[in-house]
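Student: Predicted model and sequence follow; I will ask about them next.
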Amino acid sequence: MKNLTLNLALLVAAFAPAAERQIVVAHRGASGYLPEHTLEAKAMAHAQGADFIEQDVVLTKDDVPVVLHDIHVDTVSDVAQRYPDRVRGDGRFYALDFTLAELRTLCFTERFNHKTGKPVYPKRFPLWKGDFRIATLEEDLELIAGLNHSTGRTAGVYPEIKQPKWHRDQGHDISSIVLPILRKHGYATKNDLCWVQCFEWAEVQRIRNELKWEGRLLQLLGNGKAKDGTDHDYFKTAEGIKHAAQVVDGMGPEIGAILKPDGSVTDFVAVAHQNKLQVHPYTLRVDQLPKGYDNVQAAMNALFGKAQVDGLFSDFPDVAVRYLDRASH
Ligand code: CA
């Protein structure tokens, strides 16, 4: 009997979740169902039980932070038809070339290829249907705070500071504008449900040290060496992870840095946990599964179970929330 009790205790320990409950981050809102980053997509993500809801943030010409995934505005709006003469030499339209008032006149829609006009995810919300508009960072934060109040369920926020080096090269300092807005809305310390994320290591350090951000901070990881100087592959090594842990609270790699196509997992999460870092990989999509996986449940088993990630970005927050709810019962 004693042995059985001991074995049960070991079993429970083996399946115990990471320190905090594993979280679901609604990637660009419930973007699998509604055009990304619209307030409608945020409301749906909240209703689906997402623990955190993401805001990608870029600046307008008049330095207002707006919620958009790209510095370009031509893959999610009718800008090319409405302001054809505002195109830059590279054929692209930039949010930074428009005032907030101008951006508010645009119709927003499901993401499409700006060259072909075809939707990126054909099974998602139909192109050019409905009436969707841009939201400022403050409007997005107010919506989530309002839903937290009216539903009694608190979802956190997960702002990403997009391309700070590019913004600065254009004469705009995005981080120094965004952080005070977060503080004003009650997001300031690690007790507050807010993760600030960024791909650029120099800026991540600046956010912590120079701009004195005392809240949770996450280093996003892509591949190779980026134009801003961040060596993403270095931050996937044990040495790089240890280095990052001096500044950040978590790492956000691609799912491919954790799940291998043969069904095994890398030691990225284990090494991060040794350094007391959380790991929130991106992006789980039911219509674009990780390499080597033919169903979303198997991918979630590998991420939440085998690899023990602390959180997961998903375009389909309901799918990941249901999975975790079932796992906890
Ligand atoms: Ca993002």
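Tutor: Perfect, I can see it now. Bear in mind the structure is a predicted one, so any value in this text is a computation, not a measurement.

Student: and residue 113, how many residues sit next to it?
Tutor: Neighbourhood size, residue 113 [other Cβ atoms under 10 Å]: 10. For the C-beta atoms, the positions are set from N, CA and C on the backbone; glycine is no exception.

Student: Also residue 180?
Tutor: If you count neighbours by other Cβ under 10 Å, residue 180 ends up with 12.

Student: ok, now residue 181?
Tutor: 17.

Student: next one: residue 316
Tutor: Per other Cβ under 10 Å, the neighbour tally for residue 316 reads 23.

Student: so what's it closest to, chain neighbours aside?
Tutor: Of all residues not flanking residue 316 in the chain, residue 32 sits nearest, at 4.1 Å (Cβ to Cβ, 6 or more residues apart in numbering).

Student: Tell me if I'm right that that neighbour and residue 315 touch.
Tutor: Yes: taking contacts as Cβ atoms under 8 Å, residue 32 lies within contact range of residue 315: 3.9 Å.

Student: what sits in contact with each of the two?
Tutor: 285, 286 (Cβ atoms under 8 Å, 6 or more residues apart in numbering).

Student: Can you show me the strands along the stretch 101-250 of the chain?
Tutor: Using DSSP state E, counting those that start in this stretch, the strands found in the stretch 101-250 of the chain span residues 156-161, 195-198, 216-220, 250-252.

Student: What residues does residue 30 make contact with?
Tutor: Shown in contact with residue 30 (Cβ under 8 Å, 6+ apart): 41, 42, 44, 45, 48, 50, 315, 316, 317, 318.

Student: got it, and residue 47?
Tutor: Contacts for residue 47 (Cβ under 8 Å, 6+ apart) come out as 147, 151.

Student: looking at the strands of the stretch 101-250 of the chain, which is closest to the ion?
Tutor: Of all those, it is strand 156-161 that lies closest to the ion, at 4.1 Å by Cβ to the ion.

Student: Before we move on, what's the pLDDT of whatever residue of the stretch 1-150 of the chain ends up closest to the ion?
Tutor: Nearest residue of the stretch 1-150 of the chain to the ion: residue 56, at 4.5 Å (Cβ to the ion). Predicted confidence (pLDDT) for residue 56: 98.

Student: what's the answer for residue 197, then?
Tutor: Looking at residue 197, its pLDDT reads 98.

Student: What of residue 4?
Tutor: 50.
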